[in-house]
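S.K.: just coords:
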């Protein structure tokens with residue numbers, strides 16, 4: 001089993017690699033990711049897609065109706081849809097779907113504590129690491145428990161933490177082993193190659 005930091009880096013590499021896929025490769029990859037996510041993590045996947053539905057709809061409308069290019073034949077072209085808009089919209093929506101589905105799979109594998117442990121590891125050099133991870137842990141716990149919190153309570157951290165959150169939080173840090181180091185070096189090399197090709 002790999003360290004959460006290694007799996008976070010793998011997800012980041014995958015997400016960045018999606019930017020270089022053409023639509024012919026991107027749509028099958030996105031379809032596979034979504035199908036796998038629904039098979040292995042249906043609840044998390046449905047939740048992520050439900051929360052992202054307005055973003056997906058906005059992207060579709062923006063690209064379909066606001067991208068200049070050659071109009072599609074028939075009624076679609078009359079409505080203002082272009083071939084370029086259809087292609088670019090499919091690319092952006094495919095990337096977002098693949099990222100959301102793979103994130104649901106990552107969350108299923110690691111859970112919230114694992115994701116936070118990986119983030120804590122990567123933020124190691126920064127002095128604000130502990131505060132950031134603890135605050136994120138509190139927010140995620142609140143969201144997962146579906147507590148009904150008003151926006152004013154979010155703006156009053158002392159009151160919010162005293163009344164709504166537990167007094168003690170524990171974050172388990174797994175050991176970073178040689179396999180993790182090897183995977184991290186390989187993924188770092190891929191990331192550097194992707195960024196240099198940009």
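M.R.: Thanks, I have the structure now. Here the structure is a predicted model, which means the values were calculated and not measured.

S.K.: quick one: secondary structure of residue 189?
M.R.: Classification of residue 189 using DSSP: H, G, I helix; E, B strand; the rest coil returns helix.

S.K.: any idea how far residue 183 is from it?
M.R.: Residue 189 is 11 Å from residue 183, where distance means CB to CB, to the nearest Å. Every residue, glycine included, has its C-beta placed from N, CA and C.

S.K.: So for the two, which sits in the more crowded spot?
M.R.: residue 183 (17 against 11; other CB atoms under 10 Å).

S.K.: got the contact list for that one?
M.R.: 2, 6, 9, 10 (CB atoms under 8 Å, 6 or more residues apart in numbering).

S.K.: and the closest residue to the first one other than its chain neighbours, what element?
M.R.: The shortest distance from residue 2 to any residue that is not its chain neighbour, by CB to CB, 6 or more residues apart in numbering, is 5.6 Å, and that residue is residue 180. Assigning secondary structure by DSSP states H and E places residue 180 in helix 178-197.

S.K.: How about residue 8?
M.R.: Element membership for residue 8, per DSSP H and E: helix 4-17.

S.K.: Next, the buried residues of that helix.
M.R.: For helix 4-17, burial by neighbour count (16 or more other CB atoms under 10 Å) applies to 4, 5, 6, 7, 8, 9, 10, 11, 13, 14.

S.K.: Helices of the protein, start to end?
M.R.: 4-17, 23-40, 42-51, 53-66, 75-78, 83-122, 129-144, 151-154, 157-164, 178-197 (DSSP state H).

S.K.: Save those helices as CSV, and put in mean pLDDT and distance to residue 170 too.
M.R.: Putting the helices of the chain into CSV (pLDDT from 0 to 100; distance: least, CB to CB, whole Å) gives the following:
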stretch, mean pLDDT, distance to residue 170
helix 4-17, 90, 15
helix 23-40, 93, 27
helix 42-51, 89, 23
helix 53-66, 88, 34
helix 75-78, 75, 55
helix 83-122, 90, 8
helix 129-144, 73, 10
helix 151-154, 57, 24
helix 157-164, 50, 16
helix 178-197, 84, 22
